[in-house]
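Engineer: Fold the following.
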Amino acid sequence: MFEKYFPTVIYLIILGFITWLSARRKDPKDFLYASHNMGWKPLTLSFFASLFSSYNVVVSITFSFLFGPYILIPYFGALGGFLAVYFLAKKYKDSVFREDFNNVIDFIKNKFDLKVANLLNLSLIVVLFLFITLQFFINNTLFSQFLGWNKYLSALFIGGIVFLYTNIGGLKADVFTDVFQGILMLIIVALVFMVDTSKITSETILPILSDKTILYGALSIAFAQFLLLIVQPELWQRVVASRSLKDLKIGIVLSWILLMIIWVPMTMIGLAARASGLAKDPSTIFYDILQTTAPGWFFPFLIVSLFAAFMSTLDSSLFAISSQLGKYGFLVKREETKPPTPSDERKTVKKIRVSMTIVLILALIGSLFFANFLKGVFGLISLMTVLAVALVMALLLKISSNETFIAILLSILAFIFAFFGGYITDEKPVTTLYPSFFIFGYILLQRIALKIYKLYAKTS
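Structural biologist: From the prediction side, this is the model:
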């Protein structure tokens, strides 16, 4: 029994030591935005770890089962999202690298106005809360199955650890623990040596490559991945933590290279499961693979790797939503232009910690009642995507704050109609983009109609 948990104990001890190192100065700037002083090395592993979580491990293997080699396409979608965030940070560097810049809402507030910032703030709070709940659901199920834990005990144990180090060390602890966790997560790649890859032949791959439905599904996920990264709060917080644009660029490029290294084993695992008939239901493929292929000696190391993968994303999401609630609550207010004082920063830290406690408790409770994994994943992708389309078009077309507000509001309504109307399904990935198609068409037609009206008014 002790041998089973020994690697986990070592992992938790090192995690505690990293947290102590991160929080020992007790500087609010470290807690809030890692003092804007993260170089490219920690940024690389932090970007990688915050994206390649246990949630994304399950999703990647599921998508490789569904899309086969076409799973490569969504990885290029991720690269596009990374680069878009970098170019936005470069274009608006005077706003992004301000002393008081803490999250993506700061950028929206400076670029548009308070009503747009308020609407997006509420939307992202909902998105992050559902994402945290979904992560708990996945990991409660996983650890209760493979450790034999009661799911309530599993939720309390894992959630409690993440809460402790994130609550103590803030964003600095979040980034530094990502570095450690990102290395550990590579253990999961060893699964590729335990599945039967001999059944992956041309007879397995060619039908997938010739299936246009699978290709369109992969392209849809790639486009959605590109868009959702643009508004992902966790990604923007690493932008906040970066020391310079150069460090940010290097960190983004190298983290994507790490993700590409992961792509090969993830694809082989999914293809092996598909070719061998190891799993029939995509929503349970990860559990089926572990139950049938992983030997007993590998479980202690796999458990540590999954702990690291889960915590690396949960801490990012938890801090992102807490920083929004702690700084703004549910209502973004106009702030003075002067830099925040140490007293202001300490008050914000206190509010973030309170918000973190409330969010974690509610998410833990919500995760126990969650049902459909894939439907939840596609729902989150769809909501983030439609918000991103509205914002990207607002920036590209330079539309007014009032028009942007209406576009975001219509985006949310379109998503609600499509999701609860049954138009977004886990069988067709392209359905996640239905609300985005609608809002794209609306903004385009609105701009065309406005230009025609102005032209008519000028001639008359």
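Engineer: What count of nearby residues applies to Pro69?
Structural biologist: Using other CB atoms under 10 Å, Pro69 has 17 other residues around it. Just so you know, the C-beta spots here come from the backbone N, C-alpha and C atoms, and that holds for glycine as well.
Engineer: Sketch out the low-pLDDT regions of the stretch 351-460 of the chain for me.
Structural biologist: 370-374, 426-427, 460 (pLDDT under 70).
Engineer: All the helices of it, in order from the start?
Structural biologist: Ranges of helices in the stretch 351-460 of the chain, per DSSP state H, counting those that start in this stretch, are 373-397, 401-420, 434-459.
Engineer: Over to the stretch 151-300 of the chain?
Structural biologist: According to DSSP H, counting those that start in this stretch, the helices that the stretch 151-300 of the chain contains are 151-184, 202-209, 212-230, 233-241, 245-276, 285-293, 299-328.
Engineer: Could you point out which of these sits nearest Asn121?
Structural biologist: Closest to Asn121 of the helices of the stretch 151-300 of the chain, according to CB to CB: helix 299-328, at 5.9 Å.
Engineer: From the chain's centroid, how far away is the closest one?
Structural biologist: 10 Å (CA atoms, centre = their mean, to the nearest Å).
Engineer: again, but for stretch 240-258
Structural biologist: In this view, stretch 240-258 has its centroid 17 Å away from the chain centroid, taken as CA atoms, centre = their mean.
Engineer: Alpha carbons of that stretch, as CSV, please.
Structural biologist: C-alpha atoms of stretch 240-258 as CSV (Å, rounded to 0.1, in the frame of the first residue of the first chain):
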residue,chain,number,x,y,z
VAL,A,240,0.4,39.3,-17.4
ALA,A,241,3.2,37.4,-15.7
SER,A,242,5.7,37.7,-18.5
ARG,A,243,8.8,39.9,-18.2
SER,A,244,8.8,41.1,-21.8
LEU,A,245,7.4,40.6,-25.2
LYS,A,246,10.5,38.6,-26.2
ASP,A,247,10.1,36.2,-23.3
LEU,A,248,6.4,35.9,-24.1
LYS,A,249,7.1,35.0,-27.8
ILE,A,250,9.8,32.4,-26.9
GLY,A,251,7.6,30.9,-24.2
ILE,A,252,4.7,30.6,-26.7
VAL,A,253,6.7,29.0,-29.5
LEU,A,254,8.5,26.5,-27.2
SER,A,255,5.3,25.5,-25.4
TRP,A,256,3.7,24.7,-28.7
ILE,A,257,6.7,22.6,-29.7
LEU,A,258,6.2,20.6,-26.5
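Engineer: hmm, back to that, with distance to Gly77 added, can I get the helices of the stretch 151-300 of the chain in a markdown table?
Structural biologist: Shown next, in a markdown table, are the helices of the stretch 151-300 of the chain (distance: least, CB to CB, whole Å):
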| stretch | distance to Gly77 |
| --- | --- |
| helix 151-184 | 21 |
| helix 202-209 | 19 |
| helix 212-230 | 3 |
| helix 233-241 | 14 |
| helix 245-276 | 11 |
| helix 285-293 | 21 |
| helix 299-328 | 18 |
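Engineer: Worst mean pLDDT among these?
Structural biologist: Of all the helices of the stretch 151-300 of the chain, the minimum mean pLDDT falls on helix 285-293 (a mean of 66).
Engineer: Out of the helices of the stretch 151-300 of the chain, the one nearest Leu450 is which?
Structural biologist: helix 212-230 (24.1 Å).
Engineer: how about the closest one: buried residues?
Structural biologist: Buried positions in helix 212-230, judged by neighbour count with 16 or more other CB atoms under 10 Å: 214-215, 217-230.
Engineer: One more: stretch 119-139?
Structural biologist: Neighbour counts over stretch 119-139 (16+ other CB under 10 Å) mark 119-125, 127-139 as buried.
Engineer: Also stretch 28-44?
Structural biologist: Residues of stretch 28-44 classed as buried: 28-36, 38, 40, 42-44 (neighbour count, 16+ other CB under 10 Å).
Engineer: What is the end-to-end distance of that stretch?
Structural biologist: 24 Å (CA to CA, to the nearest Å).
Engineer: right, and the helices of the stretch 151-300 of the chain - which one's nearest Ala449?
Structural biologist: Comparing those by CB to CB, helix 212-230 comes nearest, at 24.6 Å.
Engineer: next one: that closest one to chain centre, how far?
Structural biologist: Distance, centroid of helix 212-230 to centroid of chain: 15 Å (CA atoms, centre = their mean).
Engineer: Compute the inter-axis angle for that helix and helix 202-209.
Structural biologist: 70 degrees (axes from the mean of the first three to the mean of the last three CA atoms, to 10 degrees).
Engineer: and the angle for helix 212-230 with helix 434-459?
Structural biologist: Using the same axes, to 10 degrees: helix 212-230 against helix 434-459 is 70 degrees.
Engineer: Export only the CA atoms of helix 212-230, formatted as PDB.
Structural biologist: Below are the C-alpha coordinates for helix 212-230, written out as PDB (Å, rounded to 0.1, in the frame of the first residue of the first chain):
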ATOM      1  CA  LYS A 212     -14.500  14.100 -45.200                       C
ATOM      2  CA  THR A 213     -16.800  14.200 -42.200                       C
ATOM      3  CA  ILE A 214     -13.900  13.500 -39.900                       C
ATOM      4  CA  LEU A 215     -11.700  16.100 -41.700                       C
ATOM      5  CA  TYR A 216     -14.500  18.700 -41.300                       C
ATOM      6  CA  GLY A 217     -14.800  17.800 -37.600                       C
ATOM      7  CA  ALA A 218     -11.100  18.300 -37.000                       C
ATOM      8  CA  LEU A 219     -11.100  21.600 -38.900                       C
ATOM      9  CA  SER A 220     -14.100  22.800 -36.800                       C
ATOM     10  CA  ILE A 221     -12.200  21.900 -33.500                       C
ATOM     11  CA  ALA A 222      -9.100  23.600 -34.800                       C
ATOM     12  CA  PHE A 223     -11.000  26.800 -35.600                       C
ATOM     13  CA  ALA A 224     -12.700  26.700 -32.200                       C
ATOM     14  CA  GLN A 225      -9.400  26.100 -30.500                       C
ATOM     15  CA  PHE A 226      -7.900  29.100 -32.200                       C
ATOM     16  CA  LEU A 227     -10.800  31.300 -31.100                       C
ATOM     17  CA  LEU A 228     -11.200  30.200 -27.600                       C
ATOM     18  CA  LEU A 229      -7.500  30.700 -26.800                       C
ATOM     19  CA  ILE A 230      -7.800  34.300 -27.800                       C
END
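Engineer: Okay then, goodbye and thanks.
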